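> My questions are about this predicted structure, shown below with the sequence.
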Protein chains: 2
Amino acid sequence: LWDLIKGSIDAGSGWLCVLLVGIAAGCVAGMVDIGASWMSDLKHGICPPAFWFNREQCCYPAKQSVFEEGNCSTWKTWPEIFGLDRNGTGPYIVAYIWYVLWALLFASLSASLVRMFAPYACGSGIPEIKTILSGFIIRGYLGKWTLLIKSVGLMLSVSAGLTLGKEGPMVHIASCIGNIFSHVFPKYGRNEAKKREILSAAAAAGVSVAFGAPIGGVLFSLEEVSYYFPLKTLWRSFFCALIAAFVLRSLTPFGNEHSVLFFVEYNKPWIFFELIPFVFLGIMGGVIGTFFIKANLWWCRYRKFSKLGQYPVMEVLFVTLVTAIICYPNPFTRMNMNELIFLLVSKCSPGDVTNPLCDYKRMNITSGNSFIEVTEPGPGVYSSIWLLMLTFILKLALTIFTFGMKVPAGLFIPSLLLGAIMGRIVGIGVEQFAYSYPNIWFFTGECADSNLITPGLYAVVGAAAVLGGVTRMTVSLVVIMFELTGGVRYIVPLMAAAMASKWVGDALGRQGIYDAHIALNGYPFLDSKEEFAHTTLAADVMQPKRNETLNVITQDSMTVDDVENLLKETEHNGYPVVVSRENQYLVGFVLRRDLNLAIGNAKRLIEGISSSSIVLFTSSQPIQNLGPQPLKLKKILDMAPITVTDQTPMETVVDMFRKLGLRQTLVTHNGRLLGVITKKDVLRHVKQMDNEDPNTVLFN
Amino acid sequence: LWDLIKGSIDAGSGWLCVLLVGIAAGCVAGMVDIGASWMSDLKHGICPPAFWFNREQCCYPAKQSVFEEGNCSTWKTWPEIFGLDRNGTGPYIVAYIWYVLWALLFASLSASLVRMFAPYACGSGIPEIKTILSGFIIRGYLGKWTLLIKSVGLMLSVSAGLTLGKEGPMVHIASCIGNIFSHVFPKYGRNEAKKREILSAAAAAGVSVAFGAPIGGVLFSLEEVSYYFPLKTLWRSFFCALIAAFVLRSLTPFGNEHSVLFFVEYNKPWIFFELIPFVFLGIMGGVIGTFFIKANLWWCRYRKFSKLGQYPVMEVLFVTLVTAIICYPNPFTRMNMNELIFLLVSKCSPGDVTNPLCDYKRMNITSGNSFIEVTEPGPGVYSSIWLLMLTFILKLALTIFTFGMKVPAGLFIPSLLLGAIMGRIVGIGVEQFAYSYPNIWFFTGECADSNLITPGLYAVVGAAAVLGGVTRMTVSLVVIMFELTGGVRYIVPLMAAAMASKWVGDALGRQGIYDAHIALNGYPFLDSKEEFAHTTLAADVMQPKRNETLNVITQDSMTVDDVENLLKETEHNGYPVVVSRENQYLVGFVLRRDLNLAIGNAKRLIEGISSSSIVLFTSSQPIQNLGPQPLKLKKILDMAPITVTDQTPMETVVDMFRKLGLRQTLVTHNGRLLGVITKKDVLRHVKQMDNEDPNTVLFN
């Protein structure tokens, strides 16, 4: 019974921890949402009765409909505040200038906060979290300051109207929360492997709150972020993601009621012929994604090695200025990216007159009171297509320069937007094709309706295709897309596009954006998805190479002086301990840090220890005890180092590094120590075998 | 470029393989569905114009509505065939007898086929597939005969009206298909680890076709079936599952049009208070699930160790007889289990008069032409509740005796049914409570509707709870449930119930039904979800124990005779090779099979090899070459055995066995060989530490 209680407390602490992480992630996400929404509206105007209301809340008491712009008298635009009219050239210019100024203010605040208080708070954070979950430690990356600054900075940079999303930073924020809470529970705080379980769950919660997609979040964490995902944490991650989504929804009552971000409800099924345009969208998505990755990488590399990298705040300000000036005139770029995506994926209802994308010619036949729709487009559709193409080019270019700047910035929303624009345009094209040639056999098969193409579905599929091309996600992409849209019926089109996108993307450039940034930054990340298919042996990779000597410590014949000299002359993180120089049979492994500490302490605290004391790693005394008192260090010796033989194929060694999370392994032959393989050696060897420069691998 | 082409062919073979597996799994599932549906209807009657039509197809041309029973003149019941009336006592008895006879015929056919042609085709197959995916090989378990007999037997045993489902056997069938197709592609057929990737994908396809739940299938394969799920196969599994579902749907045009098995569409949201009954359902689900597991295990153990085990066909016949006789009179037990579940989860529409569960008193107020519903139940509801309780007890008892019999039998549908019955009853109770006390604060919060409880939702939640209690699934359970019902809005109630069920179940009895059956059968399955939290060392577990000697082969001093004696005297699967008896430094590991083969071949084929030849595992000749020509066996020596030191904690050793899929590891101390730890030693040690009998572990 006692075991049962102890067991349940033990298991309960993990559940409590993820519960707290979920609640906190939901709260932070709620604050970021509310703040970003208020500040985004602040660029346009203010609510004089209560300045802390955003436009939606300001207009809510006045009238129910909140989506029609400009008709709410409570909300004042900036020209109105200054006593001008709402419309006209003068007010337009005033509004334009205020828009740009607010954007610059938000962006400069965001960049300065990041620069001054938490340099780690910039960017998306997903490449770093992948690296951390693979076993690398970046001190402070998941700390309190990063959490605070990233939350505030994200709010500001989203409000500034920059071309960025909040999902990557949300994952980072949630991981910070996970890290902080894990220190509350000793079981998780003290054990790095256990802590990573909490971090995996937190990453799932991050995606969950960014999109309201708990299942997609768990799969994203499983597929993309986590290195080794233990199945026993699957359920806990799901719980964490769900709690976070639930808390977030409770906090934002003005949010979308459907609990799906871009809720779509198409009443038409897709027809088999449409798979051709869907696959085409997938191919285009792969091409655009790869182009984006290459261009962004080229720009990041340029920034890194040029003077530009020294002026991060100036860069942010300049990009913000350009973004704000270019984006204001075009109504599609001026609006929030989420709203634009929603517009693109939604279907045209017959009565819709405000949406220029739905400006179709209608025949008003009074059979009942319904319109009979025809799909002959009106002028609004044509002009929208041109504006959308412009928007596509602008947003693509801006995203390339924005992602990688020193502000919190995510990639999902810009990618989805690019894809949705492409998809909508293709969708309108297919629709017009079907309208012009209604009698081609593949249109007539299903039903005699002249109006069987839904351009909004193409936007959804296109969004999935580009996001897939950029991130190379697979299952999680499909699941996120239908959690985002609620369109469970369209799993086959989504999958066809995602698959085409991934294949084309992988053929054009092997890495997704996160892996590319990991490589760019030289993080020691050993990809667990790629197979190592070469025939090299451990003997080929191990240090030392021929003609070099292996630095070892003997178990009972080196003096304190010898050891200290060894520590001074070499910089290894640890040293193998062997029986003797002549018989290099492996006894164990000792860490540099432990050795330094133990020798320092012994010299200060134990009497009789001098530089000529023998360092002993055995429990037995040496027989000839002539010199000063020996220093016994058996307790710091790791008696269970992982070893491989020199004939072990590197395939097995790489597998062991991945699955067991090793930092080094010792290489033996017939029990004798031959050398060491560190994680860095493995990483360099993998790069070398892939014909890449092995010297790009950094290591702490 | 050549690498690219080679790479894409290489990768393509995997995709092609899962494509074929998906198509084949979909086809087989379609045939089983069509066959089972026809034969199930055959128990009631026949379609004289075309005997190969089931009732639905038979009635389809006559009239559109196919769910109302008894009004189709084309379809003839057995009494009608014999010239009797459709209704009355005489015809009832005739129909009863025919029903029982057909059931007995189908069941005896199924059991005999299994007994005669493929004994492995019995049961669910999931415990065995879990074991196979953990690295154990059961020859013939996934062969052609098993596939054929399991498909036919499943069709027959479902048609016999036994209390069993087809999802477990479907997973087994799909895995057989995966195994067969993997032999077409050398890359997968020759490598056990690669083959398991295909098997994982096939298992996903199996669940996908059983339920039309591709995502749930992948997660089930990931969470429950697969031992080590490499993420790179996630996408491929998903593809396989989707193809299979797609093919199945194309084959069964008369199937459900929604592509969800138990499509529900509730127009009412759940209210917060309802979480209390949902959690109660979860707790009950855990209790019922655990009770079922214990009772079933007790019965299976009794069967195994008593004479009953020798008469499997008689047992099947007896259970079928009892099932048919008991189930016919009660309309809820007579109908197909799928239909009953659908009835239980569906909501009552105002016009519904055929469903006795929907017999509420209605006020017919002619405002518009809609009924205003009141929830005061009519006599049909009361009598239904009594019948449902009876059904619950009957089905629970029958399932306990049925699962484990020598016919193909799955557990999902019976579990879902038990839960749905429980849930519906609880739901009606809560509904009546809300109707009687409409003014309690927690009912008045959301909306003033007097009719805010949907009993169907309780049935869905209850079904999830019992299935969770029986199988201890988590995320896959929730995902399968909403893929089954389409109710994405009810993720929180489902999760609350699943969590309560899992916790209660785990507290009452640690293992799910599959793990329990693995333990019952003594399969060598090393659970990858449980932590090994003891402090034993490798030295405590390794063979030989003190006072025993370790059987080794020396690298250059044993004769062929010595080796042959060793092979005769011991039964190990392999032997470590050391430098010499005095210096037991480890050189490598040699398999018994290879040794036998090599020595046999050498004696037959190489001249000069005699019993006194030295067996050499080195490349250098021994210096004193006095005797006959030595036998060089270096090429069969595994020079890269995995080793651990004697001081390695067993936690690490268990982890290595799990993650690296080892069969044995060698234990060394300072390079000297001390002993061997085999997988069996690990399994026995884990059992011992958990206070279970270590001798229950079988091994080939």
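Noted; the coordinates are in hand.

> make it CA atoms for all contacts and neighbour counts henceforth
OK.

> Without its sequence neighbours, what residue ends up closest to the residue in the stretch 551-700 of chain A that chain B sits nearest to?
The stretch 551-700 of chain A approaches chain B most closely through residue A:671 (3.8 Å), counting by CA to the nearest CA. Setting aside the residues directly before and after it, residue A:671 is nearest to residue B:671 in space (CA to CA, 6 or more residues apart in numbering or on different chains), at 3.8 Å.

> How much space separates the one you found from residue B:536?
21 Å (CA to CA, to the nearest Å).

> Between the two, point out the one with more neighbours.
A count of neighbours by other CA atoms under 10 Å in any protein chain shown puts residue B:671 above the other of residue B:671 and residue B:536, at 27 against 15.

> Please report how far that one lies from residue A:99.
For residue B:671, the distance to residue A:99 - CA to CA - is 73 Å.

> Quick one: distance of the biggest helix by length in chain A to the chain centre.
When chain A is parsed with DSSP state H, its longest helix is helix A:2-42. Centre-to-centre, helix A:2-42 and its host chain are 19 Å apart (CA atoms, centre = their mean, to the nearest Å).

> For the stretch 401-550 of chain A, which residues score under the pLDDT cut-off?
Within the stretch 401-550 of chain A, the set of residues satisfying pLDDT under 70 comprises A:438-452, A:487-488.

> ranges for the strands of chain A?
Taking DSSP state E as the criterion, chain A contains strands spanning A:45-46, A:76-77, A:360-363, A:372-377, A:553-554, A:558-559, A:574-578, A:586-591, A:614-616, A:631-632, A:643-645, A:664-669, A:672-678.

> Kindly present these as CSV, with separate columns for mean pLDDT and mean neighbour count.
Output for these, formatted as CSV (pLDDT from 0 to 100; neighbours: other CA atoms under 10 Å in any protein chain shown):
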stretch, mean pLDDT, mean neighbour count
strand A:45-46, 84, 23
strand A:76-77, 82, 21
strand A:360-363, 59, 15
strand A:372-377, 58, 16
strand A:553-554, 88, 25
strand A:558-559, 86, 18
strand A:574-578, 89, 23
strand A:586-591, 90, 24
strand A:614-616, 85, 24
strand A:631-632, 84, 22
strand A:643-645, 90, 26
strand A:664-669, 90, 23
strand A:672-678, 89, 23
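
> I'd like to know how far residue A:113 sits from residue A:106.
When residue A:113 is compared with residue A:106 (using CA to CA), they lie 11 Å apart.

> quick one, which of these two is more surrounded?
Per other CA under 10 Å, whichever of residue A:113 and residue A:106 has more neighbours is residue A:106, with 24 against 20.

> who's in contact with that one?
Residue A:106 makes contact with A:156, A:157, A:159, A:160, according to CA atoms under 8 Å, 6 or more residues apart in numbering or on different chains.

> Could you rerun that using 10 Å?
A:39-40, A:43, A:112, A:153, A:155-161, A:317, A:320 (CA atoms under 10 Å, 6 or more residues apart in numbering or on different chains).

> Low-confidence bits of chain A, can you list those?
Residues of chain A that meet the cut-off, pLDDT under 70, sit at A:60-71, A:252-268, A:349-355, A:359-376, A:438-452, A:487-488, A:621-627, A:698-700.

> One more pass at 50, please.
By pLDDT under 50, the low-scoring segments of chain A are A:64-68, A:254-258, A:364-372, A:446-448, A:700.

> Could you measure from the residue nearest the centre of it over to residue A:470?
Residue closest to the mean C-alpha point of chain A, counted by CA atoms, centre = their mean, is residue A:126 at 3.2 Å. Counting by CA to CA, the separation of residue A:126 from residue A:470 is 13 Å.

> who touches both of the two?
Common neighbours of residue A:126 and residue A:470 (CA under 10 Å, 6+ apart) are A:513, A:514.

> Now residue A:224: closest residue in space, sequence neighbours ignored.
residue A:473 (6.9 Å).

> quick one: residue A:299 and residue A:398 touch, right?
No: shown here, residue A:299 and residue A:398 do not form a contact pair, counting by CA atoms under 10 Å, at 11.7 Å.

> If you count surrounding residues, which of those two has more?
Remark: of residue A:299 and residue A:398, residue A:398 carries more neighbours, 19 against 16, as counted by other CA under 10 Å.

> distance of that one from residue B:550?
70 Å.

> So what's the residue count around residue A:308?
Count around residue A:308 with other CA under 10 Å applied: 12.

> Repeat that for residue A:690.
12.

> what residues are up against it?
Applying CA under 10 Å, 6+ apart, the residues near residue A:690 are A:532, A:534, A:684.

> Give me the phi and psi for it.
Backbone torsions of residue A:690, given as degrees, to the nearest 10, read phi -90, psi 10.

> give me the number of residues near the nearest residue to residue A:663 once chain neighbours are set aside?
Nearest non-adjacent residue to residue A:663, counting by CA to CA, 6+ apart: residue A:679, 5.2 Å away. Residues lying near residue A:679 (other CA under 10 Å) number 21.

> Correct me if wrong: residue A:679 contacts residue A:525.
Yes: if you go by CA under 10 Å, residue A:679 and residue A:525 touch, sitting 9.3 Å apart.

> what do these two both touch?
With CA under 10 Å, 6+ apart, residue A:679 and residue A:525 have common neighbours residue A:658.

> how much space between residue A:480 and chain B?
Separation of residue A:480 from chain B (CA to the nearest CA, to the nearest Å) stands at 12 Å.

> picking up where we left off before, can I get the strands of chain A in CSV with distance to residue B:77?
Output for these, formatted as CSV (distance: least, CA to CA, whole Å):
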stretch, distance to residue B:77
strand A:45-46, 75
strand A:76-77, 76
strand A:360-363, 54
strand A:372-377, 48
strand A:553-554, 90
strand A:558-559, 96
strand A:574-578, 83
strand A:586-591, 81
strand A:614-616, 92
strand A:631-632, 92
strand A:643-645, 73
strand A:664-669, 74
strand A:672-678, 76
